[in-house]
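Undergrad: Any chance you can model this:
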Amino acid sequence: MTPLQLVLAFFPPDLRPAYLLALVQPVAETVGLAFGAMFLAFCLSLPLGVIAALNLRGARGLLLALGALRAVPDLTLAILCVILFGVGPGAGLAALVIYYAAGTAKMFADLLRTAPQAPLRALRAAGASRLQTALFGLLPLKRADLLAFGAYEFECALRASVIVGAVGGGGLGAELMGALSAMDFHRAATLILALVLLAAVFDALAHRLRRRPRWLLALAPLGLAAAVAYAPRLVSLEHAAHVVAEMWPPELPPDGWAALPQRVVETIWMAGAGTGGAVAAALALGAAGALLGSRFQASAESLADAAITRAIVEGRGEQTERSRILDVARGSRWPSRYSARTLAHPHLERWRGREAELATSAEARADYDADVARGAIPPVPVWAGEAIDLITDRPPAAVLLAALAAQAEMALARAGRR
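TA: Residues are numbered from 1 along each chain as shown. Predicted coordinates:
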């Protein structure tokens, strides 16, 4: 079969009503796995993150254990959970809970460590215990960051719930693997379309969660219900013990030990090259400048006018526009090949599509200056990127840097496991 014939074998998708109705259950399993797993993961990771952040007894061992669990890819965890709990959504739920509880706890600990120390010292000076300091100082101070990162992890879990299904964890992933194994390409095409549609819905939901992280709390009852519905029903301890016993002690053939250093170097290289390539692509597309520049304009230390900061926090990506109109109208000497993205502006509406006329108009600059003088428009345009949907508050710059570092560490860790 040629590549073209293979592609054509997927068309047309199987869109019979009976088959589409049969997909309701695996779709519900996929969504339920994500909601249930992240509910349990958050319940575990928050106290673990507090213990690590406060450096309580056992915190060092806890961090080592979390790091060890984070090093295991989610697919590997799913396979091990299938061995322990059997094929089905229970194994997928367990794998996701372990994977995301470990990763989220480590990130929560890193974020909590960046909390301002003055309020915490004041609580301790007033006689507050460590638990009271955490409940009434640490967590309220970092609530916004914890919710924002939690929304990001929820988005990742929605996608991972499909991946774990491919190795027997239930949901659409299991259905897709079954269709491909049976070479039923028409049904496989339908499942792929369902995954694309589900991903679009997940993206929209994740977008709302990043914009309003407190919605995560409203999803808690749904997460609890999903966790109960898809909890493992069967634990095969005897079989699991037998499999683990066969895996121990670890061993490799002589040629495997000889090839191990090369595999380690390849893994590190793929992690660095893959992440570096992604960063380079983001820079080329302007994402870093749009997101980081706008983000730091809305920090506590920003010297930008309060009205500009407020506009960024309240603005939306679809309200921005890339254009040179405002540079021309203000008489700016900024190089013409570097256009800028700004929030909506009256002069954008007035001169859109008439840039050539604006450049030669002697009255345009006078009109702009007159509007500024009477307060009709701000003195400086609000430069903002499409990513301002992610900006909902004005944290200190130190908090932003800590969050960036934590997210970069997580991205590198995930790239290393691929």
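Undergrad: and residue 308, how many neighbours does it have?
TA: 20 (other CB atoms under 10 Å). (Each C-beta comes from the backbone N, C-alpha and C, glycine too.)
Undergrad: I'd assumed residue 382 was in contact with it.
TA: Yes - applying CB atoms under 8 Å as the test, residue 308 and residue 382 come out as touching, 5.2 Å apart.
Undergrad: Quick one: end-to-end length of stretch 19-27, please.
TA: According to CA to CA, to the nearest Å, stretch 19-27 extends 13 Å from its N-terminal end residue to its C-terminal end residue.
Undergrad: same thing with stretch 375-394?
TA: Between the opening and closing residues of stretch 375-394 we find a distance of 25 Å, counting by CA to CA.
Undergrad: Could you do stretch 293-306 as well?
TA: The first residue of stretch 293-306 is 16 Å away from its last residue (CA to CA).
Undergrad: Now do the same for that stretch: mean pLDDT, whole number.
TA: Stretch 293-306 shows a mean pLDDT of 76.
Undergrad: What residues sit buried inside it?
TA: Buried residues in stretch 293-306, counted by 16 or more other CB atoms under 10 Å: 294, 295, 297, 298, 299, 302, 304.
Undergrad: Is the first one in a helix, a strand, or coil?
TA: Read that as residue 294. Secondary structure of residue 294, reduced to three states by DSSP: H, G, I helix; E, B strand; the rest coil: helix.
Undergrad: was I right about residue 389 contacting residue 314?
TA: No - in this structure, residue 389 sits apart from residue 314 without contact. The criterion is CB under 8 Å, and the distance is 10.9 Å.
Undergrad: Quick check: the farthest pair among the buried residues of stretch 293-306?
TA: Largest separation among those by CB to CB: 295 and 304, giving 11.9 Å.
Undergrad: so where is the stretch 201-350 of the chain shaky, pLDDT-wise?
TA: Along the stretch 201-350 of the chain, the parts satisfying pLDDT under 70 run over 206-207, 209-211, 213, 236, 239-240, 267-292.
Undergrad: quick one: the strands in it?
TA: In the stretch 201-350 of the chain, strands defined by DSSP state E, counting those that start in this stretch lie at 320-323, 340-343, listed in chain order.
Undergrad: which helices and strands sit right next to the first one?
TA: Read it as strand 320-323. Here strand 320-323 touches strand 340-343, going by 3 or more CB pairs under 8 Å, 6 or more residues apart in numbering; DSSP states H and E.
Undergrad: CA atoms only: put the strand it packs on into CSV for me.
TA: Provided in CSV are the C-alpha atoms of strand 340-343 (Å, rounded to 0.1, in the frame of the first residue of the first chain):
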residue,chain,number,x,y,z
ALA,A,340,3.6,46.8,16.7
ARG,A,341,0.5,45.3,18.2
THR,A,342,-1.7,47.5,20.3
LEU,A,343,-5.1,47.4,21.9
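Undergrad: So residue 306 versus residue 127, what's the distance?
TA: With the distance defined as CB to CB, to the nearest Å, residue 306 ends up 38 Å from residue 127.
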